[in-house]
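Undergrad: My questions are about this predicted structure, shown below with the sequence.
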Amino acid sequence: MIARPHILAQARAHVTTAMLAASVVLIATASAWSQATAPASSVDVPPPTQQTIPQQDAPATPQPSREENPGLLNELGKMFDKLPSLKSSQQTIEDLNARARDAASWLAKPSSLVSGRIICPVSANGAADCKLGADKLCQTKGFKEGKSLNVDAAQTCSAKVLIPGRTRKPDDCRTDNYVTSALCQ
């Protein structure tokens, strides 16, 4: 099995997040138990008397809707309902194994490390697609496809920026990403 530092760091991050969430729950629960509960509002209830049994054909009175309890535990429950579900340790291990298998199958093929500088094209959603940039870099060296190993970023500005006294606008410059080395097959 190939150890990948970024995969191990991601697994550590999941464990840290789970431990932090558990700590928050424990602290909140402890503080909730230590707080005195507010006295329930007293309602004047008449003393029990002899009541007649209601007739069977009388419509049943609907239960009043239950009001939401604005307490600390209720608010914590709402917060945890909004959190994304965490993967179990078994799912995390299966994901790591799948990634390791993919990496091993990729590395098993004959490959070569190439260097150069090709821009990563911008996809429809505005993100840089460095997979296409790595493929283009590898194709210039006679290979079919590639995976980027090193990416560089540079800011490209229009000539308008050089005009003295002109205020700079947000669309005057853009950040371009470049693949500078790739593993080609």
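TA: Good, I have the coordinates.
Undergrad: hey, let's count contacts and neighbours off CA atoms from now on
TA: Noted.
Undergrad: tell me which residues in stretch 71-91 are buried?
TA: Buried residues in stretch 71-91, defined by neighbour count with 16 or more other C-alpha atoms under 10 Å: residue 73.
Undergrad: average pLDDT for that stretch?
TA: For stretch 71-91, mean pLDDT rounds to 78.
Undergrad: just the helices in the chain please.
TA: Assigned by DSSP state H, the helices in the chain fall at 5-34, 72-82, 89-108, 130-140.
Undergrad: Verify the stated contact: residue 116 with residue 180.
TA: Yes - counting by C-alpha atoms under 8 Å, residue 116 touches residue 180, with 5.0 Å between them.
Undergrad: Least confident secondary structure element in the chain?
TA: Of all helical and strand segments in the chain, the minimum by mean pLDDT, DSSP states H and E falls on helix 5-34, at a mean of 60.
Undergrad: surely residue 156 meets residue 177?
TA: No - between residue 156 and residue 177 no contact is recorded; they are 10.3 Å apart, counting by C-alpha under 8 Å.
Undergrad: the more surrounded of the two?
TA: Neighbour count, other C-alpha atoms under 10 Å: between residue 156 and residue 177, residue 177 has more, with 22 against 11.
Undergrad: For the more buried one, give me its contacts.
TA: 119, 120, 128, 130, 151, 152, 153, 154 (C-alpha atoms under 8 Å, 6 or more residues apart in numbering).
Undergrad: Now do the fifth one against residue 183, distance only.
TA: The gap separating residue 151 from residue 183 is 12 Å, by C-alpha to C-alpha, to the nearest Å.
Undergrad: The two: which has the busier surroundings?
TA: residue 183 (22 against 18).
Undergrad: May I have stretch 137-153 exported as PDB, CA atoms only?
TA: The C-alpha coordinates for stretch 137-153 follow below in PDB (Å, rounded to 0.1, in the frame of the first residue of the first chain):
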ATOM      1  CA  LEU A 137       1.800  19.100 -21.800                       C
ATOM      2  CA  CYS A 138       2.200  15.400 -22.200                       C
ATOM      3  CA  GLN A 139       1.000  15.400 -25.800                       C
ATOM      4  CA  THR A 140       3.700  18.000 -26.700                       C
ATOM      5  CA  LYS A 141       6.200  15.500 -25.500                       C
ATOM      6  CA  GLY A 142       4.700  12.600 -27.500                       C
ATOM      7  CA  PHE A 143       2.600  10.900 -24.700                       C
ATOM      8  CA  LYS A 144      -1.200  10.300 -24.700                       C
ATOM      9  CA  GLU A 145      -2.200  11.700 -21.300                       C
ATOM     10  CA  GLY A 146      -0.900  12.900 -18.000                       C
ATOM     11  CA  LYS A 147      -1.500  13.900 -14.400                       C
ATOM     12  CA  SER A 148      -0.200  17.200 -13.100                       C
ATOM     13  CA  LEU A 149       2.500  17.000 -10.500                       C
ATOM     14  CA  ASN A 150       3.300  20.700 -10.100                       C
ATOM     15  CA  VAL A 151       1.100  23.700 -10.800                       C
ATOM     16  CA  ASP A 152       2.100  27.400 -10.800                       C
ATOM     17  CA  ALA A 153      -0.100  30.500 -10.700                       C
END
